[in-house]
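Chemist: predicted model and sequence below, questions to follow.
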Amino acid sequence: MRIVRSTCNYCSIACNFDFHVNENDFIERVVPAKNYPVNKGFCCIKGLNLDKQNTIYENPVLPLLKNKKGQFEHISWGEAFNIFANKIKDIQNRYGKESFAFLSTGQLCTEEMALAGHIGRNFLGGNGDGNTRLCMATAVVAYKQSFGFDSPPYTFEDLELSDVAIFIGCNPVVAHPILWRRLVDGRGEDSKLIVIDPRKSETVSNADIWIDLKPKSDLRLLYTLANVLIEKEWIDKEFIKNSTEDFEGFKSHVKKYDINDIEEHTGISKGRILDLAKIIHEGKRVSFWWTMGVNQGYQAVRTAQAIINLALMTGNIGKPGTGANSITGQCNAMGSRLFSNTTGLYGGGEYSNKDRRKVVAEALDIDEDMLPKKSSIPYDQIIEGINKGEIKALWVIATNPAASFINNLEFKKAAEKLEFLALQDIYSDTETAKYAHLILPSTNGLKKEGVLINTERRISKIQPVIPKKENELSDYDIMLGIGEAIGMGKLLEKWRTPKDAFETIRECTKDMPCDITGVEYDDLIVSQGIQWPFRKGEKLDSKERRLFEDKKFYTPSKKAKFIYEDISEMPYEQNKEYPYILSTGRATAGQWHTQTRTREIPAVEAIIVKEGYININTDTAEKLGIRENEKVKVTAPNGLSNNFLVKLTRTVKKDHVFVPMHYIESNSVLPSVFDTYSREPNYKYVPVKIEKIN
Amino acid sequence: MKRIKINRKKCIGCLTCVTACTVAHGSRDTRGRIVIDSEGKYAPIYCRHCTRPECVYACPTGAMRRDDESGYVIYDKSRCASCFMCIMACPYGVLKMDYQTNREVMKCDMCLSTESEYPQCVAKCPMGALTLEEVYR
């Protein structure tokens, strides 16, 4: 029996586990690591069942090519790489470099997404984005603009040290169970937990105070709250003066949001806003946490920045138990944000930054001209580009856009239009796989190596737990094979192994906020993980480190910026014809994304609903004559509609409905609406009508 | 004696109880589970440590016995013949055999064999759906 320490590659907490493997390479036990500072000996049902991956739904070892009859046939890896290379070269020769694009994910190891960016962006010159666009792009843009760098400032200990923790559009009981456990186990007896959410979520049920605002009235509530804090002078003037910019502009902006109007707009009374302001004022260590309720909106970046502004103006940042803290979704969203080479250079920096281009080109040992000149077009524009006939070839890596994209019918249309769709995944039967011309089956996380960067910036190691079968390839192996087939030759010299890749991209971080030049790849094995930054020569003095303790930010002036704008109109209005506001979100802790992976967990499969469903308020349903487990037709103002199973609840208000995101039906009724700055989809506010199906 | 009380209305199907049970027992199989009823509602199933335990009555070897002092139904692996009469007799369907050897009965011991000596399904349930309540024997 051997014990292998590795990292869970589901959510952004990235727990560590000890896998007990017998002499037949069978995993007998999956034990959450007690001495790992993140999960401290506990985990959720997903991590506990990592050993089940590809046991029920096995992935073939060899690639699959669709023949003229539309059937898949096995081919050798060599053939697959050559077909991939020839197709891309041919399409690029005919239509130009940008006729190729790729869609990647926050589910890959850092080295893999970096290599995909090297192939797809540096060498092939195409566009590339990730499913992180559907999830974290808002937080990225908000932090970049406000702090000068994409820098979630916190460490998990801040949850425990906070005496006022405010969760906004955030349901950790379901989405981040281990983060929730840390809060419950560590919080002080007198601490207050406040949840701002239109839905009575599982986290709301555990809160001291529920701010039950109307859907997407969050920006008004946050601006009004800021105005109250300013008027009452419950702000940290010294911090504002020394460490921030444009407070006066923000002050005059929020004056427009009169507390006397607040109840009409948000459903929250003036008295409750005043109480909330007082709690923030009296709190010694106030922390603000947000996730998708904020990120997946149509004015999302400004909403996230309204949260950041509250932390800045009250001086609740850079100190234990504080922060404006975005909780990431996927295990390596943070790695994707820094090292995917899609919206910025490896390790950060705009593509126009000459100094950074030089550093990165030297680290990669390539001509600077080879680096992209501009950011990739975002996810939605890639799909739009396909539908316009501008993009002809797409490489989809470890994601399932046929189910997960906001308007998945648009993706389907695009997929059918493509001349070449290559899918690389640990499953060959996903909704997206149906449209693929070539399937490149990869191994799951139990058979590969690399690093993940979790939501608190902690780098941890994925180790091979069991060996690969003959001919079985990891995502990294497949990418190397593609790179060689397309003729990258010497350009792959610094990328021969995941360790090479890590060391290459590590060099790109020198003197950046995410400087990890002090991190040795092999030292990460069975370690406590290391939060960035960790510069060469530094000594690790703590297992938990937060940013901005020196009150200096990453902007040129070293000051954080107050960023704000007027509240925009709703893209689709709630009216008599479309009286219900639909939002989507996580259903249960055991379900992940489009369920391709969690369908292999028997305990989860035993209890989940097997088709797309909608939560409707019990009273509303009674009024409409709808009963539990009946089907209804849900229609959005753009004409999209689908049928959903009804599950009655009192966790949504009478004019609000909730649809779990895991089902293909869910994203078949959402119009293509995006945040202006982050291009993250609006999954949280769609007026709909509901009709009983007779 | 104390029993695990289940409030089905509070259960959110997060399976933290199943995780906690498994982890507490060295990441072997869970001793409890969640199922859904005919209406699709969650129904956590945990050993009731019955006052009149059918599993004990059915056991031919004495591996399953009721402890007079604590009131708990205790399983002694060393005496078990793996006949699984207990599994067939349990009116709640909570008993199962272990996944790997198919020889051992996965039986709730109220976590008395574990480091915490307190039912971890109760300790870790985020919704308070499982509680430990004093009951008359």
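Modeler: Everything's here; your move.
Chemist: gap between residue B:91 and residue A:57?
Modeler: 35 Å (C-beta to C-beta, to the nearest Å). Quick note: C-beta positions are derived from backbone N, CA and C, even for glycine.
Chemist: mind checking which of those two has more residues around it?
Modeler: residue A:57 (16 against 10; other C-beta atoms under 10 Å in any protein chain shown).
Chemist: give the contact list for that one.
Modeler: Counting by C-beta atoms under 8 Å, 6 or more residues apart in numbering or on different chains, residue A:57 touches A:427, A:429, A:596, A:599-600.
Chemist: A helix includes it, no?
Modeler: No. Read with DSSP: H, G, I helix; E, B strand; the rest coil, residue A:57 is coil and lies in no helix.
Chemist: quick check: pLDDT value at it.
Modeler: On pLDDT, residue A:57 comes in at 97.
Chemist: next one: residue B:137
Modeler: On the pLDDT scale, residue B:137 gets 60.
Chemist: in what helix or strand does the nearest residue to residue A:230 once chain neighbours are set aside lie?
Modeler: Distances taken as C-beta to C-beta, 6 or more residues apart in numbering or on different chains place residue A:251 nearest to residue A:230, at 5.5 Å, with adjacent residues excluded. Per DSSP states H and E: residue A:251 is located in helix A:247-254.
Chemist: hmm, who's touching the helix or strand just after that helix?
Modeler: Sequence order places helix A:262-266 as the next helix or strand after helix A:247-254, per DSSP H and E. For helix A:262-266, contacts defined as C-beta under 8 Å, 6+ apart pick out A:213-214, A:217, A:220-221, A:224, A:268-270, A:273.
Chemist: tell me the buried residues within the residues you listed.
Modeler: Among those, those classed as buried by 16 or more other C-beta atoms under 10 Å in any protein chain shown are A:213-214, A:217, A:220-221, A:224, A:268, A:273.
Chemist: for chain A, which residues are neighbours of chain B?
Modeler: Residues of chain A lying close to chain B by C-beta under 8 Å from any C-beta of the partner chain are A:20, A:28-32, A:41-45, A:48, A:173-174, A:177, A:180-181, A:184, A:202, A:205-206, A:588-590, A:603-604, A:606-609, A:628-629, A:647.
Chemist: switch the cut-off to 6 Å
Modeler: Counting by C-beta under 6 Å from any C-beta of the partner chain, chain A comes close to chain B at A:29-31, A:45, A:48, A:173, A:202, A:588-590, A:603, A:607.
Chemist: export these as a markdown table, with columns for neighbour count.
Modeler: Output for those, formatted as a markdown table (neighbours: other C-beta atoms under 10 Å in any protein chain shown):
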| residue | neighbour count |
| --- | --- |
| A:29 | 19 |
| A:30 | 22 |
| A:31 | 20 |
| A:45 | 25 |
| A:48 | 27 |
| A:173 | 25 |
| A:202 | 23 |
| A:588 | 21 |
| A:589 | 27 |
| A:590 | 27 |
| A:603 | 20 |
| A:607 | 22 |
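Chemist: which of those residues sit farthest apart?
Modeler: A:29 and A:202 (28.9 Å; C-beta to C-beta).
Chemist: show residues contacting the longest strand belonging to chain A.
Modeler: Across chain A, the strand with the greatest residue count (assigned by DSSP state E) is strand A:641-649. By C-beta atoms under 6 Å, 6 or more residues apart in numbering or on different chains, the surrounding residues in contact with strand A:641-649 are A:611-616, A:618, A:621, A:626, A:628, A:630-635, A:665, A:668-669.
Chemist: between the helix or strand following that strand and strand A:641-649, how many degrees?
Modeler: Proceeding N to C from strand A:641-649, the next assigned helix or strand is strand A:656-660, under DSSP H and E. If you take axes from the mean of the first three to the mean of the last three C-alpha atoms, to 10 degrees, strand A:656-660 sits at 100 degrees to strand A:641-649.
Chemist: now, the most widely separated pair of the contacts of residue A:57?
Modeler: Farthest pair in these (C-beta to C-beta) is A:429 and A:600. Separation: 12.1 Å.
Chemist: looking at these two, which one has more neighbours?
Modeler: residue A:600 (20 against 12).
Chemist: now do the buried residues in stretch A:353-373.
Modeler: A:356-357, A:359-361, A:363-364, A:366, A:371-372.
Chemist: looking at those, which are in helices?
Modeler: Among the buried residues of stretch A:353-373, the members found in helices (DSSP state H) are A:356-357, A:359-361, A:363-364.
Chemist: quick one: name the residues of chain B near chain A.
Modeler: B:12-15, B:18-19, B:27, B:34, B:36, B:126.
Chemist: what stretches of chain B score poorly on pLDDT?
Modeler: B:137 (pLDDT under 70).
Chemist: which residue of it sits farthest from its center?
Modeler: residue B:39 (23.8 Å; C-alpha atoms, centre = their mean).
Chemist: for it, phi and psi?
Modeler: phi -90, psi 0 (degrees, to the nearest 10).
Chemist: now the one 3 residues further on
Modeler: Here is the backbone geometry of residue B:42 (degrees, to the nearest 10): phi -70, psi 140.
Chemist: what is the burial count for it?
Modeler: 20.
Chemist: identify the bridge partners of it.
Modeler: Note on residue B:42: beta-bridge partners by DSSP bridges are residue B:36.
Chemist: could you pull up the residues touching it?
Modeler: B:11, B:13, B:34.
Chemist: verify the contact between the residue nearest to residue A:230 and residue A:229 for me.
Modeler: No. Checked against C-beta atoms under 6 Å, the pair residue A:251 and residue A:229 is beyond contact range at 10.3 Å.
Chemist: the more surrounded of those two?
Modeler: Neighbour count, other C-beta under 10 Å: between residue A:251 and residue A:229, residue A:229 has more, with 21 against 18.
Chemist: now name the helix or strand holding the more buried one.
Modeler: Counting by DSSP H and E, residue A:229 is found in helix A:218-231.
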